[in-house]
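**Q** Need a 3D model of the sequence below.
(chains A and B)
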Amino acid sequence: MKLVTFNINGIRARMPRLIEYLAREQPDLVCLQELKCADDALPVGDIEAAGYRGVWHGQKGFNGVAILSRGDAPSLRQVGLPDDPDDSHSRYIEAEIHGLIVASIYLPNGNPIGTDKFTYKLRWMERLRVRAAALLAEERPVVLAGDYNVIPEDRDTFSKRAMANDALFQPESQAAFRALVHQGWTDALRAIHPADPRLYTFWDYQAGALARDAGFRIDHLLLSPQAADRLRGAGVDKWARAEEKASDHAPTWVDLA
DNA sequence: ATGGTTGAAGATCAA
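**A** Numbers count the residues shown, from 1 in each chain, chains lettered A, B, ... in the order given. Here you go, the predicted structure:
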């Protein structure tokens, strides 16, 4: 089964691209981020007409996450992360489908560094780590898929210098990501492509970044041991980034037995 | 140091 994470950067602006992607790749599960759309304005009818059912956590203007399933509907497990009732951002949704637990994650960007936005990012990562530990304890197949807004290592960016002052590339962000992975998760893309020097999932709209391959890797699929046992392949559907009116992220996927 | 782009909202903000 093909499970995809895709930051679509505005679901209403991206609907033709999303429908095209679903038809071409026929993924079994799709985790979406950055819907930028309130729940009551979501194009649910068009998604269902394409053969997908979803669980949604939208938000007007920015953020917003969803999980789509081809055929059967996913069953909602949780919306939002625990330990901060004042957090109004729609950045986490978790569901179960066909025995698999799946979370769609839109981790805070955190820029600019040195502001409360960066503090919020690190705090959010701590809360995610607590939730992830609880999921591992279930000893079931789990996939944490999403836009983590973290470049894990130097080799995951086209330029260390360009990213030196970016929240995505700070040592604190990378350490928090490592602490999560080291609980026992498998970074599926890196596991399948251990030596790929240009394994990117995002290319900025600006300055001809795609043409220069000036990208970085920030969309990740973390697999519990029970899911990693079923890992057959992983990749980036870069073709979708080159389409007209594309998102700045490419769909990133795993194939599970 | 600056500017380069996009989406959603709306006379900017977030990325």
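**Q** what's the burial count for A:Arg241?
**A** For A:Arg241, the number of neighbouring residues by other Cβ atoms under 10 Å comes to 19. Yep, even glycine has a C-beta here, placed from its N, CA and C like the rest.
**Q** helix, strand or coil for A:Thr5?
**A** Under the three-state scheme (DSSP: H, G, I helix; E, B strand; the rest coil), the conformation of A:Thr5 reads as strand.
**Q** Setting aside sequence neighbours, what's the nearest residue to it?
**A** What sits nearest to A:Thr5 in space, not counting adjacent residues and going by Cβ to Cβ, 6 or more residues apart in numbering, is A:Ala145, at 3.9 Å.
**Q** pLDDT on the host helix or strand of the one you found, on average?
**A** Following DSSP states H and E, the helix or strand that holds A:Ala145 is strand A:142-147. Rounded to a whole number, the mean pLDDT of strand A:142-147 is 98.
**Q** Please point out which parts of stretch A:118-130 sit buried.
**A** Residues of stretch A:118-130 classed as buried: A:Phe118, A:Tyr120, A:Lys121, A:Leu122, A:Arg123, A:Trp124, A:Met125, A:Arg127, A:Leu128, A:Arg129 (neighbour count, 16 or more other Cβ atoms under 10 Å).
**Q** Give me the residues contacting that stretch.
**A** Residues lying outside stretch A:118-130 but in contact with it, judged by Cβ atoms under 8 Å, 6 or more residues apart in numbering, are A:81-84, A:87, A:91-92, A:105, A:107-112, A:149, A:167, A:170, A:172-173, A:176-177, A:179-180, A:183.
**Q** Keep only the residues you listed that also lie close to DNA strand B.
**A** With Cβ under 7 Å from any atom of the strand as the criterion, the members of the contacts of stretch A:118-130 in contact with DNA strand B are A:Pro108, A:Asn109, A:Asn111.
**Q** OK, contacts around the first one?
**A** By Cβ under 8 Å, 6+ apart, the contact list for A:Pro108 reads A:His89, A:Arg91, A:Lys117, A:Tyr120, A:Lys121, A:Trp124, A:Asn149.
**Q** Identify, from the residues you listed, the entry nearest to A:Arg161.
**A** Of all the contacts of A:Pro108, A:Arg161 sits closest to A:Asn149, with 19.3 Å by Cβ to Cβ.
**Q** who touches the closest one in this structure?
**A** Counting by Cβ under 8 Å, 6+ apart, A:Asn149 makes contact with A:Leu107, A:Pro108, A:Asn109, A:Gly110, A:Lys121, A:Ala167, A:Leu168, A:Ser173, A:Ile218.
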